[in-house]
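Trainee: sharing a model prediction with you, sequence too.
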2 protein chains.
Amino acid sequence: MPASSTPRNPTAAAPADRQRRQRVQAAQTGMDVLKGLAELDGRASLTALSQHLQLPLAKVHRYLMSMVEAELVAQDPASQQYYLGAQAIRIGLAAMRQADPIRLAEPALLRLRETLAVTCFIAVMGNQGPTIVRFEEPSLPVTVNVRAGSVLSLLWSATGRVFLSHLDDAAMARMAEAELRRCTPQQRSQLAPSRPLQALRAQLGQAPCLAVRDTNLPGISAVAAPIRDHGGKVVAVLTALGASGGFDAGLDGPIAQAVQREAQAVSRALGWV
Amino acid sequence: MPASSTPRNPTAAAPADRQRRQRVQAAQTGMDVLKGLAELDGRASLTALSQHLQLPLAKVHRYLMSMVEAELVAQDPASQQYYLGAQAIRIGLAAMRQADPIRLAEPALLRLRETLAVTCFIAVMGNQGPTIVRFEEPSLPVTVNVRAGSVLSLLWSATGRVFLSHLDDAAMARMAEAELRRCTPQQRSQLAPSRPLQALRAQLGQAPCLAVRDTNLPGISAVAAPIRDHGGKVVAVLTALGASGGFDAGLDGPIAQAVQREAQAVSRALGWV
């Protein structure tokens, strides 16, 4: 925190500068109080909050009073506890409206392309199935017939399987059934004879990362990880792919680990804990 | 804002006091920046935000920087705009978990009882129908056979009709159908001959306040208003009742106006705009 670092000779700093620094520091304390109350699930006594923040009672009280005035915090007349108020709800709702998994995942795509030289993309669940909405490829790309706008298989692509194993809605179930009916005999032979979709879902579990090798596109491997919103719902999938020969699709390998790490960072930015 | 009032002779104030006051004022500016960003739907350029807040660019920028550090705000690398970040979502979610319509409506019950000398209560939708959860009556109560725990009629009580006209879920529809089958011939004659529930709902509309006279309990009139959560869903109903002779159930009368005003204030405290 540069704003809180003390200059070697405080009297040498211009008074206006010092005042500005102190003010920003005070605003930070205000935000710490707000975050502290959220960490205590949105409600606490003055004593509990001051212990949690490791700040003096009187100081926390002063900040709370100004937050009560701003309607960010309210005090329960019965218990005397402080709780996050109507303005905190409004700020949170505005933040949720702005939380866009596609925009937040774009820098991750660029990092994956640069550091690992892989083709990578973000897909969301469209009305025809998992659909690529952003696509990045390295300067020496592998030849794949997918791009932004492509709808992927729920049953055979890594991306689709992440949605299949994490989502539970009727529209997706219908798409998976329709895809099952279109399977080739060779594809069908890879699935369980009875209740194949339930068996596939059970087999996939709810892993933080999934890989496929040659199941969707011959000669292509891919790893994919779920991006979750504040409520834990999978709202997008981050995927990297490459030619099966030179692409490490191992779940402990550097590509799967990087995809998983980036997907988790995006989920955190969306409010998922 | 007492913290921002300037003493007549600033040099006379103890320096420690003055500093404390300035710090609380700085925290308030921080909260104004946060609320300003929420008012601009959670995302704005520095210029737009500083115009909205009527504060200098450099000042708003300093506060934004400290909020970026605290993860309350993030900056979009593509557009350079600032938007409410992951911590703002977390604070909002904690605030929503704390938003309790029953607790927030209790002071309203006491005010209605004191100022208008009416029996009043808060009801929520229980699994058997609209259910009274808090009940207050004046020192000279009217005799009614309802109290905390009582389940009210969806079709004939003012409270029930507010739920009936504002909610749209299958469980409630089944309860209303069951109640319709139990109607007396005299009650049935007050409803439309065909599709009576749809007709009643259409007739009630989605009024901010509803009144009944003698329909539910003979000799008793009531007025009721919906309490909405941050998403606009009716989560509780605030009702006042009295003996039809001395109780003004007119929607423009002082009781209906007070009930409506109190219900709206609780809704605002729950984040409803």
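Mentor: Here it is on my side, so go on.
Trainee: for A:Val223, which residues are in contact?
Mentor: A:Val223 is in contact with A:158, A:209-211, A:239-241, A:249, A:251, A:255-256, A:259, counting by C-beta atoms under 8 Å, 6 or more residues apart in numbering or on different chains. All C-beta atoms are positioned from the backbone trio N, CA, C, and that covers glycine.
Trainee: ok, now A:Val212?
Mentor: A:156-158, A:161, A:221-222, A:249.
Trainee: can we see that at 6 Å?
Mentor: By C-beta atoms under 6 Å, 6 or more residues apart in numbering or on different chains, the contact list for A:Val212 reads A:158, A:222.
Trainee: A:Leu241 now?
Mentor: A:119, A:220, A:222.
Trainee: for A:Ala171, same thing?
Mentor: A:Ala171 touches nothing, counting by C-beta under 6 Å, 6+ apart.
Trainee: any idea how many residues pack against the closest residue to chain B within chain A?
Mentor: Proximity to chain B, evaluated over chain A using C-beta to the nearest C-beta, is greatest for A:Gly92 at 0.9 Å. Close neighbours of A:Gly92, defined as other C-beta atoms under 10 Å in any protein chain shown, add up to 29.
Trainee: buried residues in the host helix or strand of it?
Mentor: In this assignment (DSSP states H and E), A:Gly92 forms part of helix A:86-98. Neighbour counts over helix A:86-98 (16 or more other C-beta atoms under 10 Å in any protein chain shown) mark A:86-96, A:98 as buried.
Trainee: residues contacting A:Val151?
Mentor: A:128-129, A:131.
Trainee: separation between it and B:Pro185?
Mentor: As judged by C-beta to C-beta, to the nearest Å, A:Val151 and B:Pro185 stand 59 Å apart.
Trainee: and the nearest residue to the residue of chain A closest to chain B once chain neighbours are set aside, what is it in contact with?
Mentor: Leaving aside its chain neighbours, A:Gly92 sits nearest to B:Gly92 (0.9 Å; criterion: C-beta to C-beta, 6 or more residues apart in numbering or on different chains). B:Gly92 makes contact with A:89, A:91-92 under the criterion C-beta under 6 Å, 6+ apart.
Trainee: just send those back as a markdown table, with pLDDT too.
Mentor: Output for these, formatted as a markdown table (pLDDT from 0 to 100):
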| residue | pLDDT |
| --- | --- |
| A:Ile89 | 92 |
| A:Ile91 | 93 |
| A:Gly92 | 92 |
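Trainee: between those residues, which sits nearest A:Val24?
Mentor: A:Val24 lies nearest to A:Ile91 out of the contacts of B:Gly92, by C-beta to C-beta, at 19.6 Å.
Trainee: you'd agree the closest one is up against B:Ala88?
Mentor: Yes. Proximity of A:Ile91 to B:Ala88 meets the contact threshold set by C-beta atoms under 6 Å, at 5.4 Å.
Trainee: among the contacts of A:Val223, who's most crowded?
Mentor: In terms of neighbours by other C-beta under 10 Å, the contacts of A:Val223 top out with A:Thr239 at 31 neighbours.
Trainee: just how off-centre is the lengthiest helix in chain A within its chain?
Mentor: The helix that spans the most residues within chain A, counting by DSSP state H, is helix A:15-39. Here helix A:15-39 shows a centroid-to-chain-centroid distance of 28 Å under the convention C-alpha atoms, centre = their mean, to the nearest Å.
Trainee: same check, this time on stretch A:179-199
Mentor: Centroid displacement of stretch A:179-199 relative to its chain, using C-alpha atoms, centre = their mean, is 32 Å.
Trainee: repeat for stretch A:138-151
Mentor: 24 Å.
Trainee: could you do stretch A:244-258 as well?
Mentor: 21 Å.
Trainee: one more: stretch A:173-184?
Mentor: Distance, centroid of stretch A:173-184 to centroid of chain: 29 Å (C-alpha atoms, centre = their mean).
Trainee: quick one: contacts of that stretch?
Mentor: So stretch A:173-184 is contacted by A:129, A:154-155, A:197 (C-beta under 6 Å, 6+ apart).
Trainee: next one: stretch A:34-51
Mentor: Outside stretch A:34-51, the residues that touch it by C-beta under 6 Å, 6+ apart are A:52-53, A:57, A:60-61, A:81, A:83-84, B:90-91, B:94-95, B:97-98.
Trainee: repeat for stretch A:54-61
Mentor: So stretch A:54-61 is contacted by A:46, A:49-50 (C-beta under 6 Å, 6+ apart).
Trainee: just the contacts of A:Leu241: which are in strands?
Mentor: A:119, A:220, A:222 (DSSP state E).
Trainee: who wins for most neighbours among those?
Mentor: For those, neighbours tallied by other C-beta under 10 Å; top is A:Ala222, 33 neighbours.
Trainee: and A:Asn216, what does it touch?
Mentor: Here A:Asn216 is in contact with A:153, A:156-157 (C-beta under 6 Å, 6+ apart).
Trainee: okay if I get those residues as CSV plus pLDDT and neighbour count?
Mentor: Shown next, in CSV, are the contacts of A:Asn216 (pLDDT from 0 to 100; neighbours: other C-beta atoms under 10 Å in any protein chain shown):
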residue, pLDDT, neighbour count
A:Ser153, 94, 23
A:Trp156, 94, 17
A:Ser157, 95, 29
